[in-house]
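>>> next one to model:
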Amino acid sequence: MKIGILEPDNFNTSAINFLQKRDSVKLYDGTGIQDFLIDLDALFIRLKYKIDSSFLKSAQKLKYICSPTTGHTHIDEKITKNKNIKLITLRGEKDFLSTIRATPEHTFGLILSILRNYKECFLHTQSGGWDRDKFRGEELFGNTVGIIGLGRVGFQVAEYCESFGAKVSYYDIYKEVNAKNAWTKQTSVLSLIKGSRIIVLCASFVNGEKPILNRNEIDYLENKFFVNTARGELVDEGYLIKFIKENKILGIGIDVIFDELNQSSLNSWVNVARNRNVSLTPHIGGATDVSMHKTELFIAQKLIEMKNQ
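Next up, the predicted model:
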């Protein structure tokens with residue numbers, strides 16, 4: 001089997017060695033991508049490329065696409081299904097993912113960032129300012145944090161917030177979730193938003209699903225804080241950006257945006273973030289060396305296991 005690694009920079013060397021002991025491995029050098037794909041049986045990807053029909057046009061032998069991610073928004077699943085290409089990802093790997101903490105930690109960091117308006121503080125001091133009265137923030141202690149989606153990430157974020165003295169409220173589409181007795185269960189996204197000061201979107205997303213936060217829900221974010229490290233597709237982003245432009249929200253932390261490989265989508269966020277309490281990060285939730293190396297080795301092992309079945 002011939003295996004290609006599309007984004008080899010800082011790829012886990014242990015994972016590469018593991019694969020090389022069993023099969024032929026090619027590392028993409030940045031030139032002639034269609035030539036690179038033409039004889040591959042398996043392809044390791046990250047988030048830089050949109051995996052669609054145009055991308056896969058020369059990958060006629062491809063049997064496996066390996067993505068060390070839980071989300072699939074960078075993959076056209078209709079195309080991969082039509083081509084009978086199997087997806088090997090982290091989706092559903094609950095036991096393994098319980099040891100991966102990068103995204104919950106980043107989510108918690110974004111909460112603190114917007115409560116204290118760190119971004120504007122940093123820019124203020126970098127330009128020679130030292131006026132703390134411009135940046136009086138809020139505390140997590142005593143506030144209510146509403147978690148939308150109490151899965152792996154949501155549960156860990158809830159625990160972090162609780163340990164800092166926040167009250168936790170949550171909403172999840174599943175009736176049976178792993179929640180602590182001290183946390184308050186809500187019956188809808190809207191009731192959660194109404195009763196929370198800080199709203200954190202941690203829900204999973206499957207391609208084709210409708211947004212969770214539409215105009216009605218976004219209207220109730222007025223004078224509140226909002227963080228999204230889940231997926232941009234879960235929010236009516238056009239309306240949310242309009243809402244931010246009208247200065248109706250106190251602070252917002254965004255690590256994921258709709259159609260994130262489209263420059264115009266990014267431009268919309270960059271424009272609205274200027275001179276506002278908007279912390280915008282480029283989908284770095286899971287991007288730590290430790291977490292990425294763990295997941296790359298796990299997916300490599302999963303590929304070989306699947307191939308040998």
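>>> how far does stretch 127-139 sit from the chain's center?
Stretch 127-139 sits 29 Å away from the centroid of its parent chain (C-alpha atoms, centre = their mean, to the nearest Å).
>>> any idea how far apart the tips of it sit?
26 Å (C-alpha to C-alpha, to the nearest Å).
>>> how about residues contacting it?
115-117, 120-121, 124, 197, 225, 250 (C-beta atoms under 8 Å, 6 or more residues apart in numbering). Heads up, the C-betas are built off the backbone N, CA and C, glycines and all.
>>> most neighbours, which of those?
residue 225 (23 neighbours; other C-beta atoms under 10 Å).
>>> circling back to that earlier point, could you tell me which of the contacts of stretch 127-139 belong to helices?
Those of the contacts of stretch 127-139 mapping onto helices are 115, 120-121, 124, per DSSP state H.
>>> name the nearest of those residues relative to residue 143.
residue 115 (8.2 Å; C-beta to C-beta).
>>> mind listing what residue 81 touches?
Contacts of residue 81 (C-beta under 8 Å, 6+ apart): none.
>>> what average pLDDT does the strand or helix carrying it get?
Per DSSP states H and E: residue 81 is located in helix 77-82. Computed over helix 77-82, the mean pLDDT rounds to 96.
>>> next structured bit after it?
Following helix 77-82 in sequence order, the next helix or strand is strand 86-88 (DSSP H and E).
>>> can you list contacts of that following strand?
The contact list for strand 86-88 (C-beta under 8 Å, 6+ apart) reads 63-67, 72, 75, 77, 80, 299, 302-303, 306.
>>> and stretch 39-46, by the same measure?
By C-beta under 8 Å, 6+ apart, stretch 39-46 touches 1-7, 11, 26, 37, 51, 59, 61-69, 74-75, 296, 299-300, 303, 307.
>>> in strands only, show me the residues you listed.
Among the contacts of stretch 39-46, the residues falling in strands (DSSP state E) are 2-5, 26, 64-66.
>>> among the residues you listed, which ones are buried?
Neighbour counting by 16 or more other C-beta atoms under 10 Å classes 3-5, 26, 64-66 among the ones in strands among the contacts of stretch 39-46 as buried.
>>> tell me the one among the residues you listed nearest to residue 269.
residue 65 (28.0 Å).
>>> domain ranges for this structure?
2-91+288-307, 101-280 (automatic domain parsing).
>>> in the worst-scoring helix or strand of the chain on mean pLDDT, what's buried?
Lowest on mean pLDDT, DSSP states H and E among the helices and strands of the chain sits helix 94-97, with a mean of 94. Within helix 94-97, the residues that count as buried by 16+ other C-beta under 10 Å are residue 97.
>>> residues in contact with it?
The list of residues contacting helix 94-97 from outside it, by C-beta under 8 Å, 6+ apart, reads 70, 90, 152, 298.
>>> now residue 227, nearest residue through space, not along the chain?
Distances taken as C-beta to C-beta, 6 or more residues apart in numbering place residue 253 nearest to residue 227, at 4.1 Å, with adjacent residues excluded.
>>> cool, residue 282 as well?
Per C-beta to C-beta, 6+ apart, closest to residue 282 is residue 255, 7.8 Å.
>>> in contact with the one you found, which residues?
Listed by C-beta under 8 Å, 6+ apart, the contact set of residue 255 reads 106-107, 110, 228-229, 281-285.
>>> from those residues, which ones fall inside strands?
The strands, defined by DSSP E, take in residue 228 from those.
>>> mind giving me the ChimeraX select for the contacts of residue 255, buried ones only?
Paste this into ChimeraX to select the buried members of the contacts of residue 255, with burial taken from 16+ other C-beta under 10 Å:
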select :106,107,110,228,229,281,283,285
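>>> could the contacts of stretch 127-139 be laid out in a markdown table, adding distance to residue 190 and pLDDT?
A markdown table is the format used below for those (distance: C-beta to C-beta, whole Å; pLDDT from 0 to 100):
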| residue | distance to residue 190 | pLDDT |
| --- | --- | --- |
| 115 | 23 | 99 |
| 116 | 28 | 98 |
| 117 | 27 | 98 |
| 120 | 30 | 97 |
| 121 | 33 | 98 |
| 124 | 36 | 97 |
| 197 | 15 | 99 |
| 225 | 17 | 99 |
| 250 | 19 | 98 |
